[in-house]
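Q: just a sequence and a predicted model for now, questions to come.
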Amino acid sequence: MTAKIPEWARRAKAAWRWRGAERPPFAITPGVGEESVWDYPRPPLVVADARHVLVRSGDTILADTRHALRVLETASPPTFYLPAANVRRDLLIAVPGASRCEWKGEARYWSLHGEPVAWSYPHPLPNFDTLRDHFGFYPQRLACTVGGEAVTPQPGGFYAGWVTKEIVGPWKGERGSEGW
């Protein structure tokens, strides 16, 4: 059964100014082999990514896949979602609380050693059903790599974008980005 779009999500979606149709004047123009986060759309786009994605906590591998999904949303570095089948779910503990995304729905959080390190969308909103049975991970709290490249975390405590050399910004989470 597909969920209906709740009113809170409709209101939040309507508030966005930048939707990937044009770059703001402060956006960096991408070079060869680069992507601008300002060219990513709203609503976000979910694309398959076959690069090797690895998530570690110290020497422990939490996730290892070549079947990641990359969520591309205006003003944010991509967020990688890894299939539950490639995640050490036995190490993750569900924690109370949730947050809402106007595009994806209500997120459930997961911890490792008492610290929240991942989230999932057990009942995603319409158009994001592909994220069901996938986990997103915070690169601020874990060592994440994409195609062998170490990921830099998106600034800000809430955001979980994965910054790699292929993207240019600026992006949400940096100073002055509160209104994006």
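A: Here it is on my side, so go on.

Q: spatially nearest residue to the most centrally placed residue in the chain, not counting backbone neighbours?
A: When Cα atoms, centre = their mean is applied to the chain, the residue found nearest the centroid is residue 79 (2.4 Å). In space, residue 79 comes closest to residue 71 once its chain neighbours are excluded; the distance is 4.6 Å by Cβ to Cβ, 6 or more residues apart in numbering. Just so you know, the C-beta spots here come from the backbone N, C-alpha and C atoms, and that holds for glycine as well.

Q: how about the contacts made by the residue nearest to the centre of the chain?
A: With Cβ atoms under 8 Å, 6 or more residues apart in numbering as the criterion, the residues that contact residue 79 are 70, 71, 73, 136, 160, 161, 162.

Q: if we use 6 Å, what do you get?
A: Neighbour list for residue 79: 71, 136, 160, 161 [criterion: Cβ atoms under 6 Å, 6 or more residues apart in numbering].

Q: and those as TSV, adding secondary structure, distance to residue 49 and neighbour count?
A: Formatted as TSV, the contacts of residue 79 follow (DSSP: H, G, I helix; E, B strand; the rest coil; distance: Cβ to Cβ, whole Å; neighbours: other Cβ atoms under 10 Å):
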residue	secondary structure	distance to residue 49	neighbour count
71	strand	10	24
136	strand	13	22
160	coil	16	24
161	coil	14	26
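
Q: from those, which is closest to residue 125?
A: Relative to residue 125, the closest of these is residue 71; by Cβ to Cβ it sits at 13.0 Å.

Q: touching, that closest one and residue 44? I think so.
A: Yes - using Cβ atoms under 6 Å, residue 71 makes contact with residue 44 at a distance of 5.1 Å.

Q: beta partners of the nearest residue to residue 93 once chain neighbours are set aside?
A: Spatially, and ignoring its direct neighbours in sequence, residue 93 is nearest to residue 111 (5.1 Å; Cβ to Cβ, 6+ apart). Beta-bridge partners of residue 111, counted by DSSP bridges, are residue 93, residue 116.

Q: show the pLDDT at residue 111.
A: The model reports residue 111 with a pLDDT of 97.

Q: circling back: pLDDT score assigned to the residue nearest to the centre of the chain?
A: Residue 79 is assigned a predicted lDDT (pLDDT) of 96.

Q: likewise the one 3 residues further on?
A: We have a pLDDT of 98 for residue 82.

Q: from here on, call the first residue 6.
A: Happy to do that; since the first residue is 6 now, the last one works out to residue 87.
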